[in-house]
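1. give me coordinates for this.
(chains A and B)
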Amino acid sequence: MLDMKLIRQNPEIVAEALRRRHSDIDLTKFQENDRLRRELLIEVEALKNKRNEFSRVIGERKRNKQNADELIAEMQVVSSRIKELDEQLQVCEATLNSLLLEIPNIPLPDVPEGIGEQDNVELRRWSEPRSFAFEPLAHWDLGEKLDILDFERGARLAGARFTVMKGAGALLERALVNFMLDLHTGKHGYREIFPPFLVNADAMTGTGQLPKFEEDLFKTTTGYYLIPTAEVPVTNLHREEILDDNDLPVCYAAYTACFRAEAGSYGKDTRGLIRQHQFNKVELVKLTRPEDSAAELEKLIADAEEVLQLLGLPYRVIILCTADLGFSSAKTYDIEVWFPQQGLYREISSCSSFTDFQARRAGIRYRSASGRTEYVHTINGSGLAVGRCLAAILENYQTEGGNVIIPEALRPYMGGKGII
RNA sequence: GGAGAGAUGGCCGAGUGGCUUAAGGCGCACGCCUGGAAAGCGUGUGGGCGGGCAACCGUCUCGAGGGUUCAAAUCCCUCUCUCUCCGCCA
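-> Predicted structure coming up:
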């Protein structure tokens, strides 16, 4: 959520940001309601002031056994007017709030402007894709041949976009989770969190999934939502809190399963592990001082990249253009890992700064060194998506005989196993 | 799931309609005192919104939301959460 005062005082900044995003949101309805709200507030607060003062006088008279009938009669009129105005105010504020919740974040100045995916900019590549002396298999074919991925039985149990991992496949998935968590909590200094996988609507609103993106989420009959990413519970850990300056930055790493309805992605990535309703992810989340957030985002993506470096998987980093940027994000880097069978790089991590957008929605503040309470900046990124990582290992490390070599770094987590 | 008890400021805790602008204590900050410190004494101490250049003023905030009343921490209704006991359960 944007700062109301920014929209009020510098609407041209917000309008320009919306233009860069190619958003069709119109600010005039917001501005009208904002003006109305302040008019109502000024009137109703003056009346409440009067009511408070007169109540004091009435109380005094009653105690002294004096008559206060005319004052009470007068206050009846004032009170009913207050009630009217409060009702109008409530409607006005509800409108204002729902408008505010639908305005996306302002992209940072270094985000390239664009009209679609094709305008994202590649920043760097790490390592060279291996050249194969044979035709590499897709991970779904390889996984089925090795009997470690079972798409058919996944469909039997749940439906399309669900997979069963078996034997060495299940072990590899678990090894990746542990390897990533150990790296981030050990070398990189994150604190491990194991949060609930279901959250309430307030948490989803805090990080920006609600109210706009409800159709992407799974919801229980009892009103809970299944988390689409650990970002939701972990960022909301500190909802409605004021943190101490000394505690920043707060750095958390969390493994969770993630659940996505994948509405609107019919026909996309229908085979394999790339697009599942349920997948595993290790997520990195930071709460920082505003002045540190740019540097902390760079550190976070370096932490995520190191996972791929240690696994020896070639990747590239791109920065998303304004049109491809998520609703809550001010700046997003994607890490894309090489998939040899398709011959292209595919997203395996998305690292974003949300500036104060989520913090304002979730009420996450800190007391700065100067004593002011300010909103923190929130940052998060995948470190990494586990299923896609497993798929990348299968494809990049396959042998001509249809086996898979386990990267050195993972072997301690695989009971010393070197090959599947 | 059943029964009962609770939820008050950073923390503890008083408060059954107006004298509460939330008592008192602890903590914290600053000052006095001191060679320095402790103790002691004094002062201050949340957040949101609105107005104002500012100092400051107003308003809201006693788990949440409604209601009664001229007036609600206090009375009524609904909900949430916590604790205790019972039941069920990985």
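
2. residue ranges of the helices in chain A, please?
-> For chain A, the helices defined by DSSP state H occupy A:4-9, A:11-21, A:28-63, A:69-100, A:139-145, A:151-157, A:168-185, A:201-207, A:231-235, A:293-311, A:357-362, A:386-396.

3. the fifth one: how far from the chain's middle?
-> I take that to be helix A:139-145. Chain-centre distance of helix A:139-145: 32 Å, with CA atoms, centre = their mean, to the nearest Å.

4. pLDDT on it, on average?
-> For helix A:139-145, mean pLDDT rounds to 97.

5. which residues are contacting it?
-> Here helix A:139-145 makes contact (CB atoms under 8 Å, 6 or more residues apart in numbering) with A:137, A:149-151, A:169, A:271-273, A:339, A:341, A:390-392, A:394-395, A:398, A:402, A:404. C-beta coordinates here come from the backbone N, C-alpha and C atoms, glycine included.

6. before we move on, the earlier item: winner for burial among the helices of chain A?
-> Most buried of these, by mean neighbour count (mean count of other CB atoms under 10 Å): helix A:231-235, with a mean of 27.

7. quick one on the thing from earlier: how about the helices of chain A in CSV, adding distance to A:Pro195?
-> Shown next, in CSV, are those (distance: least, CB to CB, whole Å):
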stretch, distance to A:Pro195
helix A:4-9, 30
helix A:11-21, 30
helix A:28-63, 34
helix A:69-100, 27
helix A:139-145, 29
helix A:151-157, 25
helix A:168-185, 14
helix A:201-207, 10
helix A:231-235, 4
helix A:293-311, 18
helix A:357-362, 14
helix A:386-396, 16
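
8. need the residues of the stretch 301-420 of chain A near RNA strand B, please.
-> A:Arg365, A:Arg367, A:Thr373 (CB under 7 Å from any atom of the strand).

9. if we go to 10 Å?
-> For the stretch 301-420 of chain A, the residues in contact with RNA strand B (CB under 10 Å from any atom of the strand) are A:Arg360, A:Gly363, A:Arg365, A:Arg367, A:Gly371, A:Arg372, A:Thr373, A:Glu374, A:Tyr375.

10. looking at those residues, which two lie furthest apart in space?
-> A:Arg360 and A:Gly371 (19.9 Å; CB to CB).

11. skip the chain neighbours and tell me the closest residue to A:Ile379.
-> Nearest non-adjacent residue to A:Ile379, counting by CB to CB, 6 or more residues apart in numbering: A:Lys286, 4.4 Å away.

12. number of nearby residues for the residue nearest to A:Leu100 when sequence neighbours are not counted?
-> Spatial nearest neighbour of A:Leu100, chain neighbours left out: A:Met1 (5.3 Å); criterion: CB to CB, 6+ apart. A:Met1: 21 surrounding residues under other CB atoms under 10 Å.

13. got the contact list for the closest residue to A:Leu217 other than its chain neighbours?
-> Excluding the flanking residues, the one nearest A:Leu217 by CB to CB, 6+ apart is A:Tyr225, at 5.1 Å. A:Tyr225 sits next to A:Leu198, A:Val199, A:Asn200, A:Ala201, A:Ala203, A:Met204, A:Gln209, A:Leu210, A:Leu217, A:Phe218, A:Lys219 when contact means CB under 8 Å, 6+ apart.

14. now do 7 Å
-> Taking CB atoms under 7 Å, 6 or more residues apart in numbering, we find A:Tyr225 in contact with A:Leu198, A:Val199, A:Ala201, A:Met204, A:Leu217, A:Phe218, A:Lys219.

15. does the first one touch A:Tyr224 like I think?
-> This points to A:Leu198. Yes: assessed by CB atoms under 7 Å, A:Leu198 is found in contact with A:Tyr224 at 4.1 Å.

16. what's the pLDDT at A:Arg124?
-> Looking at A:Arg124, its pLDDT stands at 97.

17. who's the residue of the stretch 201-350 of chain A found nearest RNA strand B bridged to?
-> Per CB to the nearest atom of the strand, A:Ile242 is where the stretch 201-350 of chain A lies closest to RNA strand B, at 6.2 Å. Beta-bridge pairing for A:Ile242 (DSSP bridges): A:Arg365.
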